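Colleague: mind looking at a prediction? Sequence and model below.
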Amino acid sequence: MYYLINHSGTWCKVLPMSSVVLDNVTKIYPGHHLAVDRMNLQAGDGEFLVLLGPSGCGKSTLLRMIAGLEEVTSGDLWLDGKLANHLPPRERDVAMVFQNGALYPHRSVRGNLSFPLEIAKTDPNVVNDRVTELSRALHIDETLDRRPGTLSGGQRQRVAMGRAIVRQPKIFLMDEPLSNLDAGMRTELRMEISALVRSVGVTTIYVTHDQVEALTLADRIAIMNRGVLQDVGTPAQIYNDPATAFVAAFLNSQQLNLLAATVRTPQNQYVMLDFGPHQLTVPWSDPRAYAISQYTGTQVLVGLRPDGLAPVPESYDGPSFLGRVRALEYHGHEWLAYVECGAPGMPVPEPPDPRAAFNGNGRERGGLGGLVKRLFTTRAQAEERPEPEQPGSGIHRRTDLIVRLGVRPAWRVNDAAKVAVDLARLMIFTMDGTRIDSTRRAGK
Ligand SMILES: Nc1ncnc2c1ncn2[C@@H]1O[C@H](COP(=O)(O)OP(=O)(O)OP(=O)(O)O)[C@@H](O)[C@H]1O
């Protein structure tokens, strides 16, 4: 966030050093393709911000606008406190690494690393020191005299990163730098990127559609869908307290359980979530109870992560579901149970799509009427309880509750199963996916 101060009698914007601020930034490609829609986002000085979202949501476009490789259609881009909409790329002091970090094939690794410093006419002793230091940090010091063609994919990406960061840019942009590497190499390089970037303290914006990368690397994660920012926060905030059902489902290594429940307040004694065969009660002492009670008599969506559920003995009398184990799945580090409990799962509501409503002239088609129609269609569809496959979200409607069991399966297939629900981990949404009970994010 940037702010205004009274400076020499005039109001002016004050930004932290090496910050990136997107103020209502929109990108429309020729042919009226809306790629980024009114984006407001900031990466603070030295921050590691991860842009996460499904393919085509506009992550690379955003990065390319920051680098100066694409023009901003409207809105303001501020780099290091300066309005940068029309600043040529070379004046932005931004370095970028792509999926396939292209290297100069006829230069050695040392030559590739030193090139940006040679161009900047840096003292050869400084060049030598920096290349040596960086090659050690990136574990490529043994390859310094080799040509890129003789390196593995992981080594080439290390050189590409080293070459980008060697001249100590103010802003470091990375566009899925690990996506072409195998799983082991990704994990290894992930740790090295984190260590390197933090040791240099450079403001970094990192694009990925891999949620593990986002959770492990980010100071903050910004989640996008269809050109629109959906949520932004620390990894823990986004995971534990997502703004929408879409965000909750997107940031979930196992599938999110999403169930429909009717809100009731019997004799005003407590708030009840009625799933049909099961009920959960939320006491009035719970800070979320009042917000949920506003939906009394209507349906809401209840999100339960598999790790917020646990197998418990028959005698357990806390909040729980009863069901039967339909299947068990071994994932190496954990087992998952699929428990048939008679409360059908719901599809994840897709956030509104500005691209569908966009008429190419920068105006929404249908205006408020179109928006209302979209919301009502979503609600009606949900109430009809459609069949499993839903277009768009790619997330299926299930009748099973997915329960994380840990390293040992507590149940066998066909066992009767009592599933404890951690009420603190419930997430409640309207039928169109907006969070109802988010009271916890402040102060985290
Ligand atoms: N040069 C272009 N001309 C027209 N449309 C474009 C252009 N580049 C991208 N787009 C469109 O803009 C939207 C956003 O694309 P972008 O590459 O930014 O998404 P992304 O989130 O980075 O996707 P991915 O993860 O698949 O790389 C997509 O609908 C894409 O088809």
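Modeller: In hand now; what should we look at? Source: prediction; values computed, not measured.
Colleague: from what I see, residue 193 and residue 174 are in contact.
Modeller: Yes - between residue 193 and residue 174 there is a contact under CB atoms under 8 Å: 7.5 Å. For glycine as for every other residue, the C-beta is placed from the backbone atoms N, C-alpha and C.
Colleague: between the two, which contacts overlap?
Modeller: Common contact partners of residue 193 and residue 174 (CB atoms under 8 Å, 6 or more residues apart in numbering): 161, 206.
Colleague: show me what contacts the closest residue to the ligand within the stretch 151-300 of the chain?
Modeller: Nearest to the ligand in the stretch 151-300 of the chain, going by CB to the nearest ligand atom, is residue 209, at a distance of 5.2 Å. Counting by CB under 8 Å, 6+ apart, residue 209 touches 52, 53, 54, 55, 59, 176.
Colleague: of these, list those near the ligand.
Modeller: Contacts with the ligand within the contacts of residue 209, counted by CB under 6 Å from any ligand atom: 53, 55, 59.
Colleague: contact residues of this structure facing the ligand?
Modeller: Within the chain, the positions lying close to the ligand (CB under 6 Å from any ligand atom) are 29, 33, 35, 53, 55, 56, 57, 58, 59, 60, 61, 209.
Colleague: and of those, the nearest to residue 352?
Modeller: Residue 352 lies nearest to residue 57 out of those, by CB to CB, at 13.7 Å.
Colleague: now do the SS call for the closest one.
Modeller: What DSSP: H, G, I helix; E, B strand; the rest coil gives for residue 57 is coil.
Colleague: the nearest residue to it once chain neighbours are set aside: neighbouring residues, count only.
Modeller: Closest residue to residue 57 apart from its sequence neighbours, by CB to CB, 6 or more residues apart in numbering: residue 224 at 4.4 Å. For residue 224, the count of nearby residues is 26 (other CB atoms under 10 Å).
Colleague: list of residues touching the helix or strand hosting residue 224?
Modeller: Under the criterion of DSSP states H and E, residue 224 resides in strand 220-225. Strand 220-225 is contacted from outside by 41, 47-54, 57-59, 62, 214-215, 229-235, 238, 246-247, 250-251, 350-351, using CB under 8 Å, 6+ apart.
Colleague: now do the same end-to-end measure for stretch 79-88.
Modeller: Stretch 79-88 stretches 12 Å from its first residue to its last (CA to CA, to the nearest Å).
Colleague: buried ones in that stretch?
Modeller: Neighbour counts over stretch 79-88 (16 or more other CB atoms under 10 Å) mark 79, 80, 81, 84, 85 as buried.
Colleague: which ones among those residues lie within strands?
Modeller: Judged by DSSP state E, strands contain the following of the buried residues of stretch 79-88: residue 79.
Colleague: turn the buried residues of stretch 79-88 into JSON lines, columns for distance to residue 275.
Modeller: Output for the buried residues of stretch 79-88, formatted as JSON lines (distance: CB to CB, whole Å):
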{"residue": "79", "distance to residue 275": "50"}
{"residue": "80", "distance to residue 275": "52"}
{"residue": "81", "distance to residue 275": "52"}
{"residue": "84", "distance to residue 275": "51"}
{"residue": "85", "distance to residue 275": "51"}
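Colleague: all good on my end, thank you.
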